[in-house]
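A.B. asks: Show me the folded form of this:
(one chain, ligands or ions: 1)
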Amino acid sequence: MKKVNIISLGCNKNLVDSETIAGILASEGFLLISKPQNADIVILNTCAFIDSARREAYSNIENLLSNKPEHQKLVLCGCLPQREKSTLFKKYPQIDAILGSSDFKNISDIINSLYTSKKTIMHVSQPRFIISSQPKLFSTPKSYAYIKISEGCNNHCNYCIIPKLRGPFRSRRMEYIINDVKNAISTGRKEVILVGQDTTLYGIDIYKKQVLHILLENISKIQELKWIRLLYTHPAHFTDDLISTIAENEKICKYIDIPIQHTVDSILEKMGRPSSKIIFNCIEKLQRKIHNITLRTTIIVGFPGETEEFFQKLLKDINNLSFHWLGAFMFSKVRGTKAYKLTDSLPSTTKQARYNELMETQQKITLNKNMEWLGKKIYALADTSNFGHSEFQAPEIDGRIIFTANQNTGSFKKHQIRQVKNVYDLKTA
Ligand code: SF4
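C.D. replies: Predicted coordinates:
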């Protein structure tokens, strides 16, 4: 039995692909193991969203190659090959196979042919595939699972390479998604986190209209499931049906991840993002219609043309909008995007200073919001025996609930919050 180790880099959407690769291989009789040095085959599933992700992928490749036993096969897949297929074999001739971001469907045949023909394989097609009913081996803690509901993106934000790496927006059929959720729940997991590059657009291609609210209703009927969480929404794509479904359905977390990227119209326009009016209206509506909603956003600082005045306006808006959670990136040019050609770049020292200032501003907001939980009894889902997360925290992203007494992983019960330790950690009584 051939032993396979899978290393997954990048975001949770890539992790779902890695889990699908693991599921396909396990069903074909491969043995999944956790240490690359003991594996016959190592699969490195890469990210290439920004330069730092590419550097991380190179460093992993180099590390694996320098420790590669003679019999071991190294298979590279994901976004890096999709982006750099022509140069990767030249740079690293010891790699055995290179697959694009949507070329893992036949992974077991590809691995088998590495043994029969002994030739290297390059298979990087146009990204059009979307996972359907392939088996999956969940790799997250036994409390939650990521479920991919769509692939690719049609939004073409000017700084983003994703539509080129992942292809056009395509939804998964509802029955396959529901099946994945049932499988996750059968392993004892109690929360599913729906991911895709733009989850709000779900259904527009295959069902000819946005039907995320119907998908959520259908998923919520699965017994034993406690929470459904929505990541990667788009401020211009919320429907009234979706908002009322989130507001009314008890199993849908009153938590929304809504990346806005900026609040100044001239910057938003250069980014190819919705206007500030659309953003502010959407947030106002979410806050008005969904009781106790927790919002998370993402901001890019230092985009070309961001003056000090624009940055101060952004800070003021962030204070007013008062997101509970916020992640920020310093803009970095990505070859192949429209923003790559913009000339009015900012020095890295300015970007770093703005990033620091934004994060300091946000930390005060987050800390104040966390303090509102002091003394309250809230449900927490245990991700390990020592910590878990609440409805208002996406696991791995937004901080943790630290348990005073050990819990069983996957346990779901109310705890009183006794202490706010810092921006991330709240401790139970
Ligand atoms: S919405 Fe914009 S930033 Fe997000 S994946 Fe699509 S193009 Fe990229």
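A.B. asks: okay, CA-based contacts and neighbour counts for the rest of this
C.D. replies: Fine.
A.B. asks: what's near enough to touch whatever residue of the stretch 1-150 of the chain ends up closest to the ligand?
C.D. replies: Among the residues of the stretch 1-150 of the chain, F49 lies closest to the ligand, at 9.0 Å counting by C-alpha to the nearest ligand atom. With contact taken as C-alpha atoms under 8 Å, 6 or more residues apart in numbering, F49 is in contact with C79, C160, I161, I162.
A.B. asks: what's the closest of the residues you listed to H71?
C.D. replies: Closest approach to H71 among the contacts of F49 (C-alpha to C-alpha): C79, at 26.0 Å.
A.B. asks: So which elements touch the lowest-mean-pLDDT helix or strand in the chain?
C.D. replies: Least confident helix or strand, the chain: strand 425-428 with a mean of 90, by mean pLDDT, DSSP states H and E. When contacts are defined as 3 or more C-alpha pairs under 8 Å, 6 or more residues apart in numbering; DSSP states H and E, strand 425-428 sits against strand 400-402, strand 412-420.
A.B. asks: could I have that strand exported to CSV, CA atoms only?
C.D. replies: The C-alpha trace of strand 425-428 is given here as CSV (Å, rounded to 0.1, in the frame of the first residue of the first chain):
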residue,chain,number,x,y,z
ASP,A,425,-8.8,35.0,24.1
LEU,A,426,-11.8,35.0,26.4
LYS,A,427,-11.8,32.7,29.4
THR,A,428,-14.7,30.8,30.9
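A.B. asks: Residues of the chain that sit close to the ligand?
C.D. replies: C153, N155, H156, C157, C160, I162, P163, Q197, D198 (C-alpha under 6 Å from any ligand atom).
A.B. asks: now for the residues you listed, which pair is the farthest apart?
C.D. replies: C160 and D198 (13.1 Å).
A.B. asks: In contact with the one residue in the stretch 301-429 of the chain that gets nearest to the ligand, which residues?
C.D. replies: Nearest residue of the stretch 301-429 of the chain to the ligand: T337, at 9.9 Å (C-alpha to the nearest ligand atom). T337 sits next to N158, Y159, C160, I161 when contact means C-alpha under 8 Å, 6+ apart.
A.B. asks: which among the residues you listed gets closest to D257?
C.D. replies: C160 (18.2 Å).
A.B. asks: Excluding covalently adjacent residues, which one is nearest to that closest one?
C.D. replies: For C160, ignoring the flanking residues on the chain, the nearest one in space by C-alpha to C-alpha, 6 or more residues apart in numbering is T337 at 6.2 Å.
A.B. asks: now that neighbour: how far from S117?
C.D. replies: 38 Å (C-alpha to C-alpha, to the nearest Å).
A.B. asks: what's the answer for N249, then?
C.D. replies: 54 Å.
A.B. asks: So for those two, which sits in the more crowded spot?
C.D. replies: Neighbours per residue, other C-alpha atoms under 10 Å: of N249 and S117, the larger number sits with N249, 14 against 9.
A.B. asks: where does the residue of the stretch 201-350 of the chain found nearest the ligand sit relative to T20, distance-wise?
C.D. replies: Residue of the stretch 201-350 of the chain nearest the ligand, by C-alpha to the nearest ligand atom: H234 (6.9 Å). With distances taken as C-alpha to C-alpha, H234 is found 26 Å from T20.
A.B. asks: about what we covered before: check the residue of the stretch 301-429 of the chain closest to the ligand and give its pLDDT.
C.D. replies: Residue-level confidence at T337 comes out at 96, pLDDT.
A.B. asks: same question, D17
C.D. replies: So D17 comes in at 97 (pLDDT).
A.B. asks: go on, K119?
C.D. replies: Confidence score, pLDDT, at K119: 89.
A.B. asks: Now the phi/psi pair for the residue lying closest to Q393 once chain neighbours are set aside, please.
C.D. replies: With sequence-adjacent residues excluded and distances taken as C-alpha to C-alpha, 6+ apart, Q393 is closest to G399, at 6.5 Å. Dihedral pair for G399: phi 90, psi 180, per degrees, to the nearest 10.
A.B. asks: helix, strand or coil for E306?
C.D. replies: Taken by DSSP: H, G, I helix; E, B strand; the rest coil, the conformation at E306 corresponds to coil.
A.B. asks: hang on, it packs against I267?
C.D. replies: Yes. Using C-alpha atoms under 8 Å, E306 is in contact with I267, at 6.8 Å.
A.B. asks: Now do the contacts for the closest residue to I204 other than its chain neighbours.
C.D. replies: In this structure, I204 finds its nearest non-sequential neighbour in Q210, 4.8 Å apart by C-alpha to C-alpha, 6+ apart. Applying C-alpha under 8 Å, 6+ apart, we find Q210 in contact with T200, L201, Y202, G203, I204, T239.
A.B. asks: Throw those residues into CSV and include neighbour count, pLDDT and distance to R418, thanks.
C.D. replies: Formatted as CSV, the contacts of Q210 follow (neighbours: other C-alpha atoms under 10 Å; pLDDT from 0 to 100; distance: C-alpha to C-alpha, whole Å):
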residue, neighbour count, pLDDT, distance to R418
T200, 26, 98, 36
L201, 25, 98, 40
Y202, 28, 98, 40
G203, 23, 98, 43
I204, 15, 98, 45
T239, 17, 98, 38
